[in-house]
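Participant: Provided below are the primary sequence and the corresponding predicted coordinates.
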Amino acid sequence: MGDSLSAEYGIARGTGWVPLLDARLAQRYPNYRAVNASISGDTTSGGLARLPALLARDKPAIVVLELGSNDALRGLPLNVTEQNLSAMAQRSTQAGARVLIVGMQIPPNYGRDYAQRFMNVFPAVARAEHAALVPFLLEGIAADRSLFQADGLHPIAAAQPRLMENVWQALEPMLKRN
């Protein structure tokens with residue numbers, strides 16, 4: 001479950017990190033497949049509302065939660081973001097899935113305190129919910145503006161393999177344990 005960073009915003013279908021992950025799964029762990037339930041612009045509130053139907057439909061072994069960026073960009077209270085992520089992790093666990101939280105950061109123009117508190121939401125939820133964690137989805141590309149679309153927010157297709165690798169590092173140990 002994700003937002004535009006996982007929904008292939010502004011890039012050709014099939015070139016985003018989730019389809020790349022699905023291809024890796026098919027190659028190395030053929031009993032798994034990635035179901036992309038990402039919607040551009042989605043918030044943690046939207047994800048929480050959509051989650052029960054997705055859990056019932058797909059019965060996932062692992063749920064990857066890549067949400068929260070739009071909460072911050074809209075200035076939503078961080079406690080709401082944290083509560084929503086926690087609730088999604090709890091509902092996923094109750095449905096029998098293990099959870100991987102994908103952390104994000106926001107640009108410093110939102111203020112150092114807010115940016116730091118936002119960044120801390122993801123590891124806090126992961127700890128509290130006994131979930132795995134990708135500390136920062138955009139690790140290794142965030143400082144290279146040539147890897148972003150003109151909006152400065154969304155990575156180009158050439159950056160997607162790195163995003164997939166960032167997720168893979170935390171996901172593969174979960175796959176090995178199943």
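Facilitator: Right, received. Where do you want to start?
Participant: what's near enough to touch the most centrally placed residue in the chain?
Facilitator: Closest residue to the average C-alpha location of the chain: residue 66 at 1.7 Å, with Cα atoms, centre = their mean. Applying Cβ atoms under 8 Å, 6 or more residues apart in numbering, we find residue 66 in contact with 1, 2, 3, 5, 6, 38, 102, 104, 137. (Each C-beta comes from the backbone N, C-alpha and C, glycine too.)
Participant: For it, give its distance to residue 119.
Facilitator: 15 Å (Cβ to Cβ, to the nearest Å).
Participant: Now pLDDT too, for the contacts of residue 66, in a markdown table please.
Facilitator: Formatted as a markdown table, those follow (pLDDT from 0 to 100):
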| residue | pLDDT |
| --- | --- |
| 1 | 97 |
| 2 | 98 |
| 3 | 98 |
| 5 | 98 |
| 6 | 98 |
| 38 | 98 |
| 102 | 98 |
| 104 | 97 |
| 137 | 98 |
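Participant: Downstream of the helix or strand containing residue 120, the next helix or strand is which one?
Facilitator: Using DSSP states H and E, residue 120 sits within helix 112-128. Counting by DSSP H and E, the next helix or strand C-terminal to helix 112-128 is strand 132-134.
Participant: how much does the helix or strand that that next one is followed by deviate in direction from helix 112-128?
Facilitator: Going down the chain from strand 132-134, the next helix or strand is helix 160-177, by DSSP H and E. Angle of helix 160-177 versus helix 112-128, following axes from the mean of the first three to the mean of the last three Cα atoms, to 10 degrees, is 30 degrees.
Participant: Thanks a lot, catch you later.
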